[in-house]
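Asks: Provided below for reference: sequence and predicted model.
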Amino acid sequence: MAFGRRRQAEEPEKDPELTEEPADAVDEAGEEEAAKADSGEGGPWDSEDSFPELQRLDFGSLQVPVAPGLGFQVNFEATQVDEDGNPLDGRPVAVLVQYEESAMQLQVFAAPKRSGIWEDVRRETAKDIQEEANGQTQEGEGPFGPELLAMVPAPLTEEVLAEMPQEVREQIPAEFVEQGWAPQIIRFLGVDGPRWFLQAVVQGAAIEDEEQWQVLEDVLRGVVVVRGDAPMPPRDLLELQIPKEFSEGGDDEGEEGAEQTFDPFERGPEITEVR
C-alpha cells in the first residue's frame, strides 16, 4: 500500500505571551481555514471548528456524513446479560460505516487537553496484535498522518464459510480453506483532536481498492466530533446515541442516499479496540 502524508491533526499549543503574529498573518490563517472548510478538506473536525455543511447522521459525540451507497450500523457492548449469557441491555460503542465490500469502524475517546494519545495507542495496538493475535504489523504514513497496517490470521471454520456468500467463498484459495485460516489485513488510522481521539479501523476491499477507500476517506474527513465540556478520564469512550433516523429493522424514510440498519447486538467485523 502506498502511503502519503498530511499535516498533523493537532499542532502543539504556543504560549501567546511568547509568540505574537502580525495581523496580516492572522488574517491569512483565517482565510486558509475558511478555504479548507469550503473545500471539504482538513477534517475530521471539532464541533467548535468552522466546518463544511454536509448531510450528517447525529450519533451524539460523532456526526457522520451520509452519501449514496453507504450503510451504517451501531455496535453495542452488553451491560446486562441473562442466565444464558444473552445480552439484555447495552451501550453503543462504535459506528460502523459500510460501503460495498468495505467497512470502517469509528470510535471516539476522551484525551488530555495538551497531548495526543495516538502514538501510545498505536504502539499498544501493535503489541497486542503481535502477542495475542499472532499477527504482524507495519507502521507508515497515510493521509491522516501515522497509521498502522496489521495482518492477522482469520479463522475459516465450516461455520464461517457457511455464512459467506457463495461468490465470496469461491474466491478463497484452496490452500487457505485446507489450513483453516486466511491472512486478513486491517488498517488503523488515528486523529488526535482537542481533548478527543478518533480512531478509524478499515477492513475489506478498501485496503487495496483505491475507489472504495476514497469513499471511506471522504466520510472520515467529514466527521464532526462533539467533545462536550464534561471532564473525562483519557481513553474513556465518548457517549454515542442512536440517530432519530434509525429504527428497528431500518427506516424507509431515513436520510436520502444512506442505507441504515440497526441491530444492537449483531456481531460486526472483528476489529481490535482501544484498551
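Replies: Everything's here; your move.

Asks: can you map out the helices along the stretch 151-275 of the chain?
Replies: In the stretch 151-275 of the chain, the segments counted as helices under DSSP state H, counting those that start in this stretch are 158-163, 166-169, 174-179, 210-221.

Asks: How about the longest one, which residues are buried there?
Replies: Within helix 210-221, the residues that qualify as buried by neighbour count (16 or more other Cβ atoms under 10 Å) are 212-213, 215-217, 219-221. Where you see a C-beta, it was placed from the backbone N, CA and C, and this is true even at glycine.

Asks: circling back: out of the helices of the stretch 151-275 of the chain, the one nearest Pro112 is which?
Replies: Pro112 lies closest to helix 210-221 among the helices of the stretch 151-275 of the chain, at 22.5 Å (Cβ to Cβ).

Asks: Just give me how far the closest one sits from the chain centre.
Replies: Mean C-alpha position of helix 210-221 versus that of the full chain (Cα atoms, centre = their mean, to the nearest Å) differs by 11 Å.

Asks: Tell me the pLDDT of Phe246.
Replies: Model confidence at Phe246, given as pLDDT, is 78.

Asks: burial measure for it, as a count.
Replies: For Phe246, the neighbour count with other Cβ atoms under 10 Å is 20.

Asks: now do Gly228
Replies: 15.

Asks: Got phi/psi on it?
Replies: Dihedral angles of Gly228 (phi, psi; degrees, to the nearest 10) stand at phi 80, psi 170.

Asks: Find me the pLDDT at it, would you?
Replies: In this model, Gly228 carries a pLDDT of 92.

Asks: What distance do you get for it to Leu62?
Replies: Separation of Gly228 from Leu62 (Cβ to Cβ, to the nearest Å): 12 Å.

Asks: quick one, what contacts the spatially closest residue to Gln179 that is not a sequence neighbour?
Replies: Using Cβ to Cβ, 6 or more residues apart in numbering and skipping the chain neighbours, the partner closest in space to Gln179 is Leu156 (8.0 Å). With contact set as Cβ atoms under 8 Å, 6 or more residues apart in numbering, Leu156 has these partners: 172, 176-177, 179-182.

Asks: Among the residues you listed, name the buried ones.
Replies: Taking 16+ other Cβ under 10 Å as the criterion, nothing in the contacts of Leu156 is buried.

Asks: now, which of the residues you listed sits nearest Leu57?
Replies: Using Cβ to Cβ, Ala182 is the member of the contacts of Leu156 that lies nearest Leu57, at 32.7 Å.

Asks: is the closest one in a bridge, and if so with what?
Replies: Bridge pairing for Ala182 (DSSP bridges) gives the partners Ala154.
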